[in-house]
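Q: Fold the following, please.
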Amino acid sequence: MQQESLLTSVEKCLAWIEGQMLTFNGGYNGVYERIRIDENIRVNWVRPDCNTEIARVLTLYKQVAGSSKYDALSDNIKNWLGRAQNNDAMSAWYGSFPFYLVDGHDWYSRTGYYVYQNDNGRILLGLLHMHELAPDEKLLNSAVRLADYWVSIQRPEGYFYRNDGRTQACYQGPDFVGWMASGLLKLSTITGNEAYRAAALKAFDYFLTLQLEDGRMRTTYELVKGEDWRPLSSETAKAVYAFSIAYAETGDAKFAAALEKAGGYLLRLQHADGGILNNDAQTKDASLQNNEELCDLVYTQGFALMALYEAWKAAGDEAYLQAAEKLAGFLASIQCSGESPLWDGAWRGSYNAVTRQWDGRANQNNHIDEGGMYSVYTGWCASTIMYGMLLLLKERQATSAAK
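A: Residues are numbered from 1 along each chain as shown. Reported below is the predicted structural model:
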């Protein structure tokens with residue numbers, strides 16, 4: 001796909017976020033989570049994980065596009081993240097980030113207080129990515145406080161959990177370990193603090209036990225009958241990302257082997273048009289989200305795009321880069337256009353690769369339908385897709401400059 005096409009895709013999505021999804025006064029209190037088309041709702045949750053992902057996109061976009069257009073929005077989001085983090089040094093959750101704030105500033109629901117391992121792990125990585133792109137000690141200090149909290153509650157088994165009524169209880173699933181392990185490993189490299197590396201490697205020791213011989217990851221649904229709506233493709237794609245980071249940071253052959261197996265499995269799930277399918281016919285029992293014609297965009301596609309890029313960087317296998325380019329082209333081709341000014345420029349949460357239409361739900365034991373054809377997310381979906389596209393664009397620019 002032409003470089004201009006991917007950049008146009010990113011800019012259309014950023015225009016949607018700017019036009020429809022900001023809190024009052026230019027996103028002073030961050031960016032809203034999603035639209036629920038069938039409910040005629042813009043969900044009033046503002047989530048730190050989603051906002052970290054969007055701020056990371058804006059940081060990389062400035063470098064790739066050479067534009068300062070979104071500087072003010074980027075600053076607003078970063079400042080909001082600083083306010084959203086638990087900054088009470090006397091709190092048992094000091095340094096962690098909550099699930100969400102209503103309208104970015106209020107607690108109307110107890111569920112917003114929950115802290116999630118996967119969300120906080122992605123925040124940790126996002127803060128570090130932004131610091132690497134444009135050094136910022138406030139972001140790094142925030143990452144350190146966040147990491148210190150999770151290291152303090154790491155269990156001897158390697159995963160992260162404390163039975164305190166607030167920490168999320170699906171802690172054994174791969175999605176709830178891999179992000180944190182990757183972030184801690186990267187933080188160790190940046191700070192030189194070996195305690196983070198030790199915690200990361202302990203987490204990876206557990207994480208490796210979740211990989212099956214065929215390369216895929218045992219799902220949270222298989223482990224604890226949780227996250228029923230998350231497809232198999234999600235946790236395996238994210239494992240490709242985690243193993244790529246682990247191999248790049250350590251050079252350990254065990255991570256190279258795990259990456260090769262997980263990467264091979266992910267490539268086998270790629271449809272001829274480029275999308276990553278939920279599962280194959282042999283793995284219908286791995287999740288209740290098990291239609292092998294569907295491509296999940298909330299939990300899989302953007303993360304898979306990032307993972308394939310990182311797998312190529314870590315292993316040097318051109319098959320990963322080719323798959324990433326193909327996936328990026330597919331995602332640009334299905335971007336919402338002419339549907340409604342409320343979500344044109346975004347992506348819906350689930351697409352049927354056979355019928356080539358939006359299709360599917362994420363309501364399997366999940367009453368808020370966190371995905372599927374009626375969900376239009378800023379974070380998770382749009383943010384990870386844009387970030388993956390920008391990584392490819394930055395790589396193309398570097399290659400062109402080197403010629």
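Q: give me phi/psi at the closest residue to residue 276 other than its chain neighbours?
A: In this structure, residue 276 finds its nearest non-sequential neighbour in residue 304, 4.8 Å apart by Cβ to Cβ, 6 or more residues apart in numbering. Quick note: C-beta positions are derived from backbone N, CA and C, even for glycine. Note on residue 304: backbone dihedrals following degrees, to the nearest 10 are phi -70, psi -40.
Q: Does residue 371 touch residue 299 like I think?
A: Yes: between residue 371 and residue 299 there is a contact at 6.5 Å, judged by Cβ atoms under 8 Å.
Q: Contacts only, for residue 295.
A: Each residue near residue 295 by Cβ atoms under 8 Å, 6 or more residues apart in numbering is listed here: 271, 275, 276, 277, 278, 301, 350, 351, 352, 353.
Q: Name the nearest of these relative to residue 111.
A: Distance to residue 111 across those (Cβ to Cβ) is lowest for residue 350, with 23.7 Å.
Q: What residues of stretch 159-169 count as buried?
A: 159, 160, 161, 162, 167, 168 (16 or more other Cβ atoms under 10 Å).
Q: hang on, the earlier thing: please report the number of neighbouring residues for the residue nearest to residue 276.
A: 32 (other Cβ atoms under 10 Å).
Q: what's the answer for residue 253, then?
A: Per other Cβ under 10 Å, the neighbour tally for residue 253 reads 9.
Q: now do the one 4 residues further on
A: A count of nearby residues for residue 257, using other Cβ under 10 Å, gives 14.
Q: where does it land in three-state SS?
A: When classified by DSSP: H, G, I helix; E, B strand; the rest coil, residue 257 comes out as helix.
Q: which secondary structure elements does whichever strand or helix holds residue 385 contact?
A: For residue 385, the element it lies in under DSSP states H and E is helix 383-402. Under the contact criterion of 3 or more Cβ pairs under 8 Å, 6 or more residues apart in numbering; DSSP states H and E, helix 383-402 touches helix 3-20, helix 48-65, helix 302-315, helix 318-334.
Q: what's the spacing between that helix and its chain's center?
A: 17 Å (Cα atoms, centre = their mean, to the nearest Å).
Q: can you check stretch 53-64 too?
A: Worked out by Cα atoms, centre = their mean, stretch 53-64 lies 14 Å from the chain centre.
Q: Just the buried positions in that stretch, please.
A: 53, 54, 55, 56, 57, 58, 59, 60, 61, 62, 64.
Q: for the fifth one, what are its contacts?
A: Shown here is residue 57, whose contacts under the criterion Cβ under 8 Å, 6+ apart are 10, 14, 383, 386, 387, 390.
Q: how about those residues in JSON lines, adding distance to residue 319, neighbour count and pLDDT?
A: Shown next, in JSON lines, are these (distance: Cβ to Cβ, whole Å; neighbours: other Cβ atoms under 10 Å; pLDDT from 0 to 100):
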{"residue": "10", "distance to residue 319": "25", "neighbour count": "25", "pLDDT": "98"}
{"residue": "14", "distance to residue 319": "30", "neighbour count": "21", "pLDDT": "98"}
{"residue": "383", "distance to residue 319": "26", "neighbour count": "27", "pLDDT": "98"}
{"residue": "386", "distance to residue 319": "24", "neighbour count": "30", "pLDDT": "98"}
{"residue": "387", "distance to residue 319": "21", "neighbour count": "24", "pLDDT": "98"}
{"residue": "390", "distance to residue 319": "22", "neighbour count": "22", "pLDDT": "98"}
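Q: Quickly name whichever of the residues you listed is closest to residue 102.
A: Nearest to residue 102, judged by Cβ to Cβ, of those is residue 383 at 20.3 Å.
Q: From residue 216, how far off is the closest one?
A: 25 Å (Cβ to Cβ, to the nearest Å).
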